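Student: I would like to see how this sequence folds:
(2 chains)
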Amino acid sequence: KQEVTQIPAALSVPEGENLVLNCSFTDSAIYNLQWFRQDPGKGLTSLLLIQSSQREQTSGRLNASLDKSSGRSTLYIAASQPGDSATYLCAVPTGANNLFFGTGTRLTVIP
Amino acid sequence: NAGVTQTPKFRVLKTGQSMTLLCAQDMNHEYMYWYRQDPGMGLRLIHYSVGEGTTAKGEVPDGYNVSRLKKQNFLLGLESAAPSQTSVYFCASSYSGANWGEQFFGPGTRLTVL
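Tutor: Predicted coordinates:
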């Protein structure tokens, strides 16, 4: 059964720092990996989707990488801002129609 | 475009009561999903639909039923609510299945069963 782990569970950084969030998965036979952001009491916002054929995907200050062979993905956030404070979730498909989620990393960016 | 919307936003039920959660999407997506989110457990798939008139079980389907009578709507029903169903429920939709398509989520429904 697929397991998705996100470490650390919580992270606090000062504004302006570059940071890396980690996601690991046990079954490397995935088609893609998706990163989401969740603000407190809100739904999930899709940030990036990386297909298995890609190594990286970029959107603004965000860069996600995928290494299927090692079962790892990272989300790099450049020049962090207080507005980046949220919980970040990664998810991988298991079967054709099920997304399996990690429990997330809660990020706090301190002004 | 409103994207994915959910009603209601909050609900409190007593054990044994029934209710229906409504999800609507205006992106013409074929696939729709219902998840529940519990502390420390991440999101888990309850049921999903690959098109109008179809439904299928996900990881935690017991105690729930669903219907997809119209392409844009996906309903989640609780026939006899139990305290274990206290959770935040999220609906999502995608153009294609999870192996290929990006999923878009609604704002959630917070349900408390007393």
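
Student: dig out what the spatially most central residue of chain B forms beta bridges with.
Tutor: Centroid-nearest residue in chain B: residue B:34, 2.7 Å away (criterion: CA atoms, centre = their mean). The partner list for residue B:34 in beta bridges (DSSP bridges) reads residue B:47, residue B:91.

Student: same thing with the one 4 residues further on?
Tutor: For residue B:38, the residues forming beta bridges with it (DSSP bridges) are residue B:42.

Student: strands of chain A, start to end?
Tutor: All strands of chain A, identified by DSSP state E, fall at A:4-5, A:10-14, A:19-25, A:32-38, A:44-51, A:56-59, A:62-67, A:72-77, A:86-94, A:98-101, A:105-110.

Student: pretty sure the residue nearest to the centre of chain B sits against residue B:78.
Tutor: No - applying CB atoms under 8 Å as the test, residue B:34 and residue B:78 come out as separate, 11.1 Å apart. The C-beta positions use only the backbone N, C-alpha and C, and glycine is treated the same way.

Student: what is the burial count for the closest residue to residue B:28 other than its chain neighbours?
Tutor: Using CB to CB, 6 or more residues apart in numbering or on different chains and skipping the chain neighbours, the partner closest in space to residue B:28 is residue B:71 (7.4 Å). As a burial measure, residue B:71 scores 15 neighbours (other CB atoms under 10 Å in any protein chain shown).

Student: state the pLDDT value of residue B:71.
Tutor: Model confidence at residue B:71, expressed as pLDDT, equals 96.

Student: what comes into contact with stretch B:81-91?
Tutor: With contact meaning CB atoms under 8 Å, 6 or more residues apart in numbering or on different chains, stretch B:81-91 is reached by A:43-44, B:4, B:6, B:13-19, B:21, B:23, B:25, B:32-38, B:43, B:46, B:63, B:74, B:76, B:78, B:105-106, B:108-114.

Student: what's the local residue count around residue 80?
Tutor: As the question left the chain open, I've gone with chain A. 20.

Student: was after chain B, sorry
Tutor: Count around residue B:80 with other CB under 10 Å applied: 11.

Student: pLDDT wise, what is the closest residue to it other than its chain neighbours at?
Tutor: In space, residue B:80 comes closest to residue B:16 once its chain neighbours are excluded; the distance is 5.4 Å by CB to CB, 6+ apart. Residue B:16 is assigned a pLDDT of 97 by the prediction.

Student: am I right that residue B:16 is in contact with residue B:78?
Tutor: No - taking contacts as CB under 8 Å, residue B:16 lies outside contact range of residue B:78: 10.2 Å.

Student: so between the two, which is more surrounded?
Tutor: Taking other CB under 10 Å, residue B:16 and residue B:78 do not tie; residue B:78 has more neighbours (20 against 10).

Student: by mean pLDDT, which helix or strand of chain A comes out lowest?
Tutor: Of all helical and strand segments in chain A, the minimum by mean pLDDT, DSSP states H and E falls on strand A:98-101, at a mean of 87.

Student: got any ranges where the chain has weak pLDDT?
Tutor: Went with chain A since none was named. Applying pLDDT under 70 to chain A flags the ranges A:96.

Student: correction: the question concerned chain B.
Tutor: In chain B, residues with pLDDT under 70: B:98-100.

Student: and it, which residues reach chain A?
Tutor: Within chain B, the positions near chain A by CB under 8 Å from any CB of the partner chain are B:4, B:31, B:33, B:40-45, B:48, B:50, B:56, B:58-59, B:90, B:92, B:97-100, B:102-108.
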